[in-house]
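**Q** model the following, please.
(2 chains)
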Amino acid sequence: MALFLVPIAACGRDRPAALAAPPGPATHPVVVNRSTKLTSIETDVEDWRGRRTRMACATCHALRAPRSLPTRTTDLKEFHTGLVFAHGDQPCASCHVEGRYDTVHLADGTTVPMTDAFRLCSQCHGPQARDFRHGAHGGMTGYWDRSAGPRVRNHCVDCHDPHAPRYPGMRPVPGPRDRGFTVAVHGTEP
Amino acid sequence: MSAAGPTNPKRRVALKVLGGTLGAGAFARALAPLRSFTAGMSVDDFVQKHYKRLTPDEVAATITRLEAKTKDEYGRAVEIRDLPAQAGVSFGYALNLSLCIGCRKCAEACHVENNHDRASHQSYIRVLEMDQGSLDLEHGNAHYDHPVPAPGKFYLPVQCQQCDNPPCVKVCPVQATWKEPDGIVVVDYNWCIGCRYCEAACPYHARRFNWTRPELPAADINEDQGLLSNRIRPQGVVEKCTFCLHRTREGRLPACLEACPTGARVFGNLNDPDSEIRWVLANKRVFVLKEELGTAPRFFYFFDK
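**A** Modelled structure (predicted):
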């Protein structure tokens, strides 16, 4: 009998929770991913695992004499053919700089390196840039507590193709196969 | 048998023997479940105290035992830790419904991170496909299978809301579930009796029951485990989302957030005025699910526009 009564009598006499030290000051950095999309382009050549290889922009652009910028992607006849453009009604020169294809230019004409494209995007997409600055737009990995470790943020182009920025749809991961929910839910049953 | 006539001793003995046999048989049959129940259970499992009354030494012994058990039963050496809550930390989570496309990557990450049963493809996150303009969870479809996002729909991932007034904790008859100082509702899997009251009480359908012993190939087991979170649960107990406390209590982001391809998820410390989550609460029009129930969730939803 005592065996059963002792645990009951001890109810509510929990040991106090021992807390770990609070987070310290944020010493680790937030790093924005340096996307290879800003310095290279996908080619048709596949590697031994069947993945499309990437080639640095400078491979061609450093050697070839700069051509003048076309207005539409359909005007591209020799290189970058088939480039799908679905980003408003912008001509190429809205962002690209003729002859300096490793840069883009801002609305005021300032030329910035392609790797700083974030500044270009932010000019028109203010709400997204604001949310990004506060950690509410764009995926991340690493640490919420920057006294414990760093955090890596996605760059705009990690998720959005600058030429067709709408986030693409996808097939979802298969759903759960749990009990009681194997058929359609209420309302959608035939 | 007539009341006046003499009793027949042979018949009486026969009846006694018959009754005795039947009684013994019924008794054995009644105890059969107990026998199979204790077959896979050691004495240490059986006499283990409630988590909150374990001394640090007993916690260490429990962890050693559970690690050995996992090695035995699943063939994988794992590390189980019992990370305490941090002082000055109160976790909050927010999800941007304008960004979520319903790809279920979060649910998949949860499935892998938390060592869920592979056959049932279990996860603590259920993504509901909802008609735009409606927030009726009863009409959400968790079993859609077509390219997402579908026109006219939005996607509502639902997991434990870590309520500050948790109905699941109140109904537990054995206090096997409680709220930790950092706001996370946890389950002592060794103390849970599997009555599923909490599962019935949760308005968000956030708790899961282990109908079977979770089956995982050794290679798939996540060896970074927490005593109160993602260690492999026994059969017959209830489990739930813990905001990945084995990760978040050492400062890391939850697995579902890292997996989200659209960055719809925001996680952080509600006590830190400079945290991302606090910025969202202050600057976005956030809402909680089923606010009228007074559960005070720590999981917030918002739309961009």
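**Q** how deep is residue 25 tucked in, by neighbour count?
**A** The chain I'm using is chain A. Neighbour count for residue A:25, taken as other C-beta atoms under 10 Å in any protein chain shown: 6. Bear in mind the C-beta positions are built from the backbone N, C-alpha and C, glycine included.
**Q** meant chain B, my bad for not saying
**A** For residue B:25, the number of neighbouring residues by other C-beta under 10 Å comes to 10.
**Q** host element of it?
**A** For residue B:25, the element it lies in under DSSP states H and E is helix B:9-39.
**Q** right, and the helix or strand after that helix?
**A** helix B:43-47.
**Q** how far off centre is that next one?
**A** Offset of helix B:43-47 from its chain centre (C-alpha atoms, centre = their mean, to the nearest Å): 22 Å.
**Q** can you tell me if it touches chain A.
**A** No: for helix B:43-47, no contact with chain A is found by C-beta under 8 Å from any C-beta of the partner chain; the gap never falls below 10.0 Å.
**Q** can you give me the helices for the chain?
**A** Looking at chain A here, since you left the chain open. Remark: helices assigned in chain A by DSSP state H are A:2-9, A:58-61, A:117-124, A:126-133, A:156-159.
**Q** hmm, no, I was thinking of chain B.
**A** Along chain B, counting by DSSP H, helices occupy B:9-39, B:43-47, B:56-74, B:105-113, B:167-171, B:197-201, B:245-248, B:255-259, B:276-283.
**Q** so which of the ones you listed is the most surrounded?
**A** Among the helices of chain B, helix B:245-248 has the highest mean neighbour count (mean count of other C-beta atoms under 10 Å in any protein chain shown), at a mean of 26.
**Q** does chain A sit close to that one?
**A** Yes: using C-beta under 8 Å from any C-beta, helix B:245-248 reaches chain A at residue B:248.
**Q** who are the packing partners of that helix?
**A** Using 3 or more C-beta pairs under 8 Å, 6 or more residues apart in numbering or on different chains; DSSP states H and E, the elements in contact with helix B:245-248 are strand B:224-226.
**Q** contact partners for the closest residue to residue B:284 other than its chain neighbours?
**A** Nearest in space to residue B:284, with sequence neighbours left out and distances taken as C-beta to C-beta, 6 or more residues apart in numbering or on different chains, is residue B:302 at 4.2 Å. Neighbour list for residue B:302: B:94, B:95, B:96, B:97, B:98, B:280, B:284, B:285, B:286, B:287 [criterion: C-beta atoms under 8 Å, 6 or more residues apart in numbering or on different chains].
**Q** give me the buried entries from these.
**A** When the contacts of residue B:302 are checked for burial by 16 or more other C-beta atoms under 10 Å in any protein chain shown, the buried set is B:94, B:95, B:96, B:97, B:280, B:284, B:286.
**Q** quick one on the thing from earlier: now the helices of chain A in JSON lines, with mean neighbour count, distance to chain B and mean pLDDT?
**A** Shown next, in JSON lines, are these (neighbours: other C-beta atoms under 10 Å in any protein chain shown; distance: least, C-beta to the nearest C-beta, whole Å; pLDDT from 0 to 100):
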{"stretch": "helix A:2-9", "mean neighbour count": "8", "distance to chain B": "8", "mean pLDDT": "53"}
{"stretch": "helix A:58-61", "mean neighbour count": "13", "distance to chain B": "30", "mean pLDDT": "86"}
{"stretch": "helix A:117-124", "mean neighbour count": "16", "distance to chain B": "15", "mean pLDDT": "93"}
{"stretch": "helix A:126-133", "mean neighbour count": "16", "distance to chain B": "7", "mean pLDDT": "94"}
{"stretch": "helix A:156-159", "mean neighbour count": "19", "distance to chain B": "7", "mean pLDDT": "92"}
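**Q** against which helices or strands is the strand ranked longest in chain A packed?
**A** Identified as the longest strand of chain A according to DSSP state E is strand A:40-46. Judged by 3+ C-beta pairs under 8 Å, 6+ apart, the packing partners of strand A:40-46 are strand A:52-56.
**Q** in its sheet, which strands sit next to the strand it packs on, and in what direction?
**A** In the sheet containing strand A:52-56, the strands it pairs with under DSSP bridges are strand A:40-46 (antiparallel).
**Q** let me see the mean pLDDT of the partner strand.
**A** On average, the pLDDT along strand A:40-46 is 88.
**Q** got it, and stretch B:216-229?
**A** 95.
**Q** which other residues reach that stretch?
**A** By C-beta under 8 Å, 6+ apart, the residues outside stretch B:216-229 that reach it are B:51, B:59, B:62-63, B:66, B:70, B:74-83, B:112-115, B:117-118, B:180, B:186-188, B:230-232, B:242, B:244-247, B:249.
**Q** same thing but at 6 Å, please
**A** Contact with stretch B:216-229 is made by B:74-76, B:78-82, B:113, B:115, B:118, B:186, B:231, B:242, B:245-246, as judged by C-beta atoms under 6 Å, 6 or more residues apart in numbering or on different chains.
**Q** any of those residues buried? List them.
**A** Here, 16+ other C-beta under 10 Å leaves B:74, B:76, B:78, B:80, B:82, B:113, B:115, B:186, B:231, B:242, B:245, B:246 buried among those.
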